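> my questions are about this predicted structure, shown below with the sequence.
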Amino acid sequence: MTTTAIFGAGVMGETLVSGLIRSGRTPGDLVVTGRSPDKVNALAERHGVRVMANADAADVADTLVLCVKPQDMAALLEEIHDHVAPGDAVVSLAAGITTEYLESRLPEGTSVIRVMPNTPALVDQGMAGISPGRHCTDDHLAEAEALLSSCGKVVRLPEKHLDAVTAISGSGPAYIFYVVEAMIEAGVVLGLPRATATELVVQTLYGAATMLKETKEHPTVLREQVSSPGGTTVAALRQLDDHKVRAAFVTAIEAAAARSKELASGQV
Ligand SMILES: NC(=O)C1=CN([C@@H]2O[C@H](COP(=O)(O)OP(=O)(O)OC[C@H]3O[C@@H](n4cnc5c(N)ncnc54)[C@H](OP(=O)(O)O)[C@@H]3O)[C@@H](O)[C@H]2O)C=CC1
Ligand SMILES: O=C(O)[C@@H]1CCC=N1
């Protein structure tokens, strides 16, 4: 069995470790590294995986998964550069960091894969986009796909689309949680106990998401089924249109994609 090293014991690092273990990977084949010893040791204890320094982890692993913030990527690549062997696959989860950026900071010919996952991977409902670098082999791409499939869906697509993937599904859960927060707040304004408002909103979200997935109907059709002529829903939707909520979503998602593009240039 190959050894996989996860560099960065944060939200995505732990999400991936837990997903790999749930999907049957032996904890002993997984290595984690971190900057804050307390954090990485706690993660390792929770999942029964090994902790190593970055250079040692790069030495033992054949699949190196980089889960640090884009702003920390250059320093990490410098640290592992001399420990990446021919035949290793380097998988980056960092927003904005291009395969070109990775290839230019790793030994010539290194097989790299850029991935954009999202946090629902924590409950095996992740959505990830993946793109191969110039030297990536079919086997390495399939391996990266399998890695991410352990906790959700994966789509392969050209790298030119990864900033859009970042803006839609990478950041997407935050937009949904934001809407959920607003709906709960509205329930409280209308006099519902907060716990009841939360239960109503969460189940409504889950039900609507399940309908979208299972019926495969267009969202417009599903929305129209809820919207009785002269009824309550159209009264609410008219307010959303008046407040340009749809346009705000498009502008917001464009801003996320633009920010993703900036991150590779090292702009903090
Ligand atoms: N969170 C999300 O929803 C998503 C995040 N991503 C991407 O995943 C990456 C990680 O994000 P996230 O997990 O949220 O971030 P976190 O800050 O939670 O985790 C990053 C971890 O990396 C550690 N770290 C920093 N530098 C090093 C280093 N040189 N060696 C080892 N560890 C280091 C940090 O240590 P310390 O604790 O000391 O800071 C931190 O624990 C980012 O690039 C982000 O763009 C992609 C999709 C979704
Ligand atoms: O906000 C971010 O930069 C990261 C990338 C996608 C989700 N979180």
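Thanks, I have the structure now. Numbering: from 1, shown residues only. Ligands and ions are numbered 1, 2, ... in the order given.
> how about the secondary structure of residue 129?
In terms of secondary structure, residue 129 is strand; the call rests on DSSP: H, G, I helix; E, B strand; the rest coil.
> burial measure for it, as a count.
By other Cβ atoms under 10 Å, the residues close to residue 129 number 25. (Glycine included, C-beta is placed from N, CA and C.)
> can you give me the distance of the most far-flung residue of the chain relative to its centre to ligand 2?
Relative to the centre of the chain, and counting by Cα atoms, centre = their mean, the farthest-placed residue is residue 230 at 40.6 Å. Residue 230 sits 41 Å away from ligand 2 when distances are taken as Cβ to the nearest ligand atom, to the nearest Å.
> quickly check: stretch 104-120 near ligand 2 or not.
No - counting by Cβ under 6 Å from any ligand atom, ligand 2 has no neighbours in stretch 104-120; the shortest distance is 6.7 Å.
> what sits against whichever residue of the stretch 1-150 of the chain sits closest to ligand 2?
Closest contact between the stretch 1-150 of the chain and ligand 2, by Cβ to the nearest ligand atom, is at residue 95 (3.7 Å). Residues touching residue 95, when contacts are defined by Cβ atoms under 8 Å, 6 or more residues apart in numbering, comprise 70, 116, 166, 170, 259, 260, 263.
> if we can go back for a sec, state the pLDDT value of the residue farthest from the centre of the chain.
For residue 230, the pLDDT comes out at 98.
> from here on, count from 833
Taking 833 as the first residue, the last one we looked at is residue 1062.
> contacting residues around it?
By Cβ under 8 Å, 6+ apart, the contact list for residue 1062 is empty.
> ranges for the helices of the stretch 983-1100 of the chain?
For the stretch 983-1100 of the chain, helices defined by DSSP state H, counting those that start in this stretch occupy the ranges 994-997, 1004-1021, 1026-1047, 1051-1058, 1064-1074, 1077-1095.
> cool, the stretch 833-982 of the chain as well?
If you assign secondary structure with DSSP H, counting those that start in this stretch, the helices in the stretch 833-982 of the chain sit at 843-854, 869-879, 886-892, 902-912, 931-936, 970-981.
> so which of the ones you listed is the most surrounded?
Here the criterion is mean neighbour count by mean count of other Cβ atoms under 10 Å, and of the helices of the stretch 833-982 of the chain the winner is helix 843-854, at a mean of 21.
> contacts for that one?
By Cβ under 8 Å, 6+ apart, the list of residues contacting helix 843-854 from outside reads 836, 838-839, 859, 862, 864, 866, 875, 878-881, 897, 899, 925, 949, 951, 953-954, 956, 958, 979, 982-984.
> for the closest residue in space to residue 1012 that isn't next to it in sequence, what are its contacts?
If the residues on either side of it in the chain are set aside, residue 1012 comes closest to residue 1033, at 5.5 Å by Cβ to Cβ, 6 or more residues apart in numbering. With contact taken as Cβ under 8 Å, 6+ apart, residue 1033 is in contact with 1012, 1015, 1016, 1019.
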